[in-house]
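Enquirer: Need a 3D model of the sequence below.
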Amino acid sequence: MRVIRHEIIKIWNLRALAIVFVLCSLYFFGANIPQTLREIRDPQGAIAADYLRHIKPYRLEQILCKEHLEWQRQFYSGAIESEDLFVYAAEQRILLEFTPASNFIERKHEHLNALELNLEYFNDQELVRGFSINNLERTNQLELTERQYTRITEVLENNEWHSELHGNLFWSFTDLVRQIGLLLIIASLALHSTLVTNDRMRNILPLQYHTKVGRRIGIRQFAAVLLSSLILSTVAISVVAVILARSGMFAYWNEGITSYLTVWGFNSLSVAFWPISFGSYILIMAALCYALCIGTAATAFFLSRFSRNLISLTIKTVPVFTLLAYMHSLVLPNRWTTDFIDRFTAPLTLFNDLYMRTGIAHLDVIIISAFVVISVLVAAFVARRERNLEAL
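Expert: Presented below is the predicted three-dimensional model:
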């Protein structure tokens with residue numbers, strides 16, 4: 001244990017900490033994490049709560065309605081008569097009369113009036129063809145899987161959407177997890193990648209292998225890296241937890257994430273694959289952050305074992321970081337860069353970006369779990385193999 005503690009001290013040296021601080025500071029402000037924290041402290045957007053409470057079940061029913069989906073296809077493919085759109089507009093007016101959000105009604109009525117006045121004009125314009133083609137493609141992607149259909153029906157039947165979780169809190173927290181996840185990748189890679197490389201540059205390894213304890217140094221260094229990554233992720237997540245506690249977010253701990261207030265666009269309903277509370281969602285996201293940090297640390301140790309100097313280490317680290325950042329963007333994508341302009345994406349939800357593309361549930365969790373398991377096993381194998389090679 002004394003050797004492991006000594007290796008951790010070597011990892012957390014002042015120069016490494018300074019590099020980590022600079023890189024993380026650049027990302028912290030470059031990714032505008034302060035703005036995400038401000039959104040969590042002051043969620044706003046509550047003025048539409050009455051309207052959202054009314055519209056949530058309607059949207060869920062609309063998603064389940066195959067006739068409505070077919071109507072959209074006909075509309076965007078030009079197979080529907082213009083007169084039928086006026087009937088649709090009238091139905092929307094009747095729907096809006098049931099909500100007390102009068103300001104929203106006025107704005108919606110103005111939009112419908114504009115639709116009715118300009119419908120025939122727009123039907124004659126070449127510019128609308130591209131719009132219709134794009135929306136037809138998006139409509140085709142709205143076809144529900146059997147699992148989505150069953151789960152949304154269950155949400156309606158059990159009134160799960162009655163949760164009071166504020167939508168801006170849910171989406172801002174999801175954004176914060178994405179940002180903190182990449183921050184941990186940067187910090188873990190920078191902090192742990194130089195441990196063994198520095199020993200090689202100083203010709204310490206040949207001296208270490210002259211003793212029985214020294215011949216097992218690789219395993220101990222790997223254990224130190226794993227323990228160090230746990231410390232790093234715990235510190236980062238603890239700081240975030242304090243910020244969330246001060247913002248009052250934990251007051252929603254027992255609220256379900258399938259809330260009427262989490263509506264954004266047509267497919268931003270945050271319907272989970274199973275009934276899940278916001279507290280459980282927070283714990284799962286924290287576990288994913290731990291996994292990203294540990295997996296990155298194991299990867300950094302692997303790189304360090306095969307680098308003779310800092311130059312070769314840097315050359316190998318840059319493409320590895322690029323791959324890790326790409327994996328991170330797949331499992332925790334930016335909600336503002338999704339293909340659907342009216343859909344945000346969050347892990348563990350029916351309209352998660354990866355699930356929409358592949359049809360594989362929980363693929364984000366599977367990818368991160370596979371990453372950390374493979375990284376740790378490969379790094380452990382290299383540590384044991386290196387001991388045998390050096391002994392020879």
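Enquirer: Buried ones in the helix or strand hosting Ser238, by neighbour count?
Expert: Assigned by DSSP states H and E, Ser238 belongs to helix 217-247. Buried residues in helix 217-247, counted by 16 or more other Cβ atoms under 10 Å: 217-229, 232-233, 236-237, 240, 244, 247. Every residue, glycine included, has its C-beta placed from N, CA and C.
Enquirer: now swap in stretch 369-379 and tell me
Expert: Phe371, Val372, Ser375, Val376, Ala379.
Enquirer: Kindly report the same for stretch 248-265.
Expert: In stretch 248-265, counting by 16+ other Cβ under 10 Å, buried: Met249, Tyr252, Glu255, Gly256, Ile257, Thr258, Ser259, Tyr260, Leu261, Thr262, Val263, Trp264.
Enquirer: Mind putting the residues you listed into a markdown table with secondary structure, pLDDT and distance to Leu191?
Expert: Formatted as a markdown table, the buried residues of stretch 248-265 follow (DSSP: H, G, I helix; E, B strand; the rest coil; pLDDT from 0 to 100; distance: Cβ to Cβ, whole Å):
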| residue | secondary structure | pLDDT | distance to Leu191 |
| --- | --- | --- | --- |
| Met249 | helix | 86 | 29 |
| Tyr252 | helix | 88 | 34 |
| Glu255 | coil | 88 | 36 |
| Gly256 | strand | 88 | 38 |
| Ile257 | coil | 87 | 33 |
| Thr258 | coil | 84 | 38 |
| Ser259 | strand | 79 | 38 |
| Tyr260 | helix | 73 | 43 |
| Leu261 | helix | 70 | 39 |
| Thr262 | helix | 73 | 36 |
| Val263 | coil | 66 | 41 |
| Trp264 | coil | 59 | 36 |
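Enquirer: So which of the residues you listed is the closest to Val155?
Expert: Nearest to Val155 out of the buried residues of stretch 248-265 is Thr258 (Cβ to Cβ; 5.6 Å).
Enquirer: gap between the closest one and Ser238?
Expert: Look at Thr258 and Ser238: by Cβ to Cβ, to the nearest Å, they are 29 Å apart.
Enquirer: Could you check how far Thr194 is from Gly256?
Expert: Per Cβ to Cβ, Thr194 is found 45 Å from Gly256.
Enquirer: remind me which residues of the chain are low pLDDT?
Expert: 42-59, 62, 65-69, 71-142, 201-216, 263-268, 336-343, 386-392 (pLDDT under 70).
Enquirer: Walk me through the domains of it.
Expert: 2-43+166-391, 47-158 (automatic domain parsing).
Enquirer: looking at it, Ile294 is touching Leu226, isn't it?
Expert: Yes - look at Ile294 against Leu226 with Cβ atoms under 8 Å: they come within range, at 6.4 Å.
Enquirer: what do these two both touch?
Expert: Residues touching both Ile294 and Leu226 by Cβ atoms under 8 Å, 6 or more residues apart in numbering: Val376.
Enquirer: Tell me which residues touch Val177, please.
Expert: Met285, Leu288, Cys289, Leu332.
Enquirer: From those, keep the buried residues only.
Expert: For the contacts of Val177, a burial check counting by 16+ other Cβ under 10 Å picks out Met285, Leu288, Cys289, Leu332.
Enquirer: what helix or strand is the first one on?
Expert: Same thing as Met285. Per DSSP H and E: helix 278-305 holds Met285.
Enquirer: Report the angle between that helix and helix 217-247.
Expert: Here helix 278-305 runs at an angle of 150 degrees relative to helix 217-247 (axes from the mean of the first three to the mean of the last three Cα atoms, to 10 degrees).
Enquirer: which parts of helix 278-305 are buried?
Expert: Going by neighbour count (16+ other Cβ under 10 Å), the buried part of helix 278-305 is 278, 280-282, 285-286, 288-305.
Enquirer: The helix holding Ser238 - contacts with which helices or strands?
Expert: Under the contact definition 3 or more Cβ pairs under 8 Å, 6 or more residues apart in numbering; DSSP states H and E, helix 217-247 sits against helix 2-11, helix 33-41, helix 167-192, helix 195-201, helix 278-305, helix 363-391.
Enquirer: Kindly recompute the last result at 10 Å.
Expert: The contact analysis (3 or more Cβ pairs under 10 Å, 6 or more residues apart in numbering; DSSP states H and E) places helix 217-247 against helix 2-11, helix 33-41, helix 167-192, helix 195-201, helix 205-208, helix 278-305, helix 363-391.
Enquirer: for these, which one sits closest to Gln148?
Expert: Comparison of the helices and strands packed on helix 217-247 against Gln148 by Cβ to Cβ identifies helix 363-391 as nearest, at 14.5 Å.
Enquirer: Skip the chain neighbours and tell me the closest residue to Met285.
Expert: Nearest non-adjacent residue to Met285, counting by Cβ to Cβ, 6 or more residues apart in numbering: Val177, 4.5 Å away.
Enquirer: can you redo the buried ones among the contacts of Val177 as TSV with distance to Trp171?
Expert: Formatted as TSV, the buried ones among the contacts of Val177 follow (distance: Cβ to Cβ, whole Å):
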residue	distance to Trp171
Met285	13
Leu288	17
Cys289	18
Leu332	13
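Enquirer: So which of those residues is the closest to Leu182?
Expert: Nearest to Leu182 out of the buried ones among the contacts of Val177 is Leu332 (Cβ to Cβ; 8.0 Å).
Enquirer: Surely the closest one and Tyr326 touch.
Expert: No - using Cβ atoms under 10 Å, Leu332 is not in contact with Tyr326; the gap is 11.6 Å.
Enquirer: so what's Pro347 up against?
Expert: Shown in contact with Pro347 (Cβ atoms under 10 Å, 6 or more residues apart in numbering): 174, 177-178, 272, 281, 284-285, 288, 331-333, 353-355, 362-365, 368.
Enquirer: what do you get for Ile152?
Expert: By Cβ under 10 Å, 6+ apart, the contact list for Ile152 reads Arg59, Leu60, Glu61, Ile63, Leu64, Leu144, Glu160, Trp161, Thr258, Leu269, Val271, Leu350.
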